[in-house]
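Trainee: Pasted the sequence and its predicted model underneath.
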Amino acid sequence: MITILTHPDERLTKYCMHVTVVTPEVRHEIIRMLTAMHMNNGIGLAAPQLGIAKRIIVINMDLIEDKPAKMEGNAVFIDPYITVKEGDTYLHKEQCLSIPGVTVEVPRYPEVKVAYTNLEGRREFIVARGLFAAVLQHEIDHIEGKLIIDYLNKGRPVDFLD
Ligand SMILES: [Zn+2]
């Protein structure tokens, strides 16, 4: 059983470390992240949600319809960085495995370009739109120590679900 940390665990609020080399340890952590994501039917997961203070995120591309060709199944983004944000932000309803039962409308860009390191250690980039772009922004927020409830400071509405 892999435990996903929940708010207000302070490990969810830390800026995470860069990953410059894809070591066997990093690969092992990624496998744990993918397992935790699938066990919880998550669309994405960030390393700090397992208490790993590293800049690694995973996304289940099978839950995303509008995506680049050839991206299916598990996608892993090491050291992801948003290089371009396109368009005007819109409010996207989001939930988070680390804040059960809460939905927040979060301002997201409709399109982002993200640079990242792949599992082979090569730097790549991807252009994401719609839900894929929103999930990338959500997970990249996590490795900056930012949660969806942090957007409430800006007066965004929230629903509490039971
Ligand atoms: Zn989350």
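Mentor: Sure thing, it's come through.

Trainee: Leaving aside the residues adjacent along the chain, what's closest to residue 99?
Mentor: residue 7 (4.8 Å; Cβ to Cβ, 6 or more residues apart in numbering). All C-beta spots, glycine's among them, are computed from the backbone N, C-alpha and C.

Trainee: quick one, phi psi at residue 11?
Mentor: phi -70, psi -20 (degrees, to the nearest 10).

Trainee: could we number from 11 for the rest of this?
Mentor: With the count now opening at 11, the last piece we talked about shows up as residue 21.

Trainee: With adjacent residues omitted, what lies nearest to it?
Mentor: Residue 21 sits nearest to residue 61 (Cβ to Cβ, 6+ apart), 5.2 Å away.

Trainee: Quick check: the one you found touching residue 24?
Mentor: No - using Cβ atoms under 8 Å, residue 61 is not in contact with residue 24; the gap is 10.1 Å.

Trainee: Assign residue 87 to helix, strand or coil.
Mentor: At residue 87 the chain is in strand, as set by DSSP: H, G, I helix; E, B strand; the rest coil.

Trainee: What is the neighbour count of it?
Mentor: Residues within reach of residue 87, counting by other Cβ atoms under 10 Å, total 25.

Trainee: and it, how far is that from residue 113?
Mentor: 24 Å (Cβ to Cβ, to the nearest Å).

Trainee: which stretch of helix or strand covers residue 42?
Mentor: Secondary structure from DSSP states H and E places residue 42 in helix 34-49.

Trainee: list the buried ones in that helix?
Mentor: 36, 39, 40, 43, 44, 46, 47 (16 or more other Cβ atoms under 10 Å).

Trainee: wait, which of those is closest to residue 83?
Mentor: Relative to residue 83, the closest of those is residue 44; by Cβ to Cβ it sits at 9.6 Å.

Trainee: dump the residue contacts of the closest one.
Mentor: 55, 68, 84, 86 (Cβ atoms under 8 Å, 6 or more residues apart in numbering).

Trainee: Of those residues, which is the nearest to residue 152?
Mentor: residue 55 (8.4 Å).

Trainee: so what's the closest one closest to, chain neighbours aside?
Mentor: residue 47 (4.1 Å).
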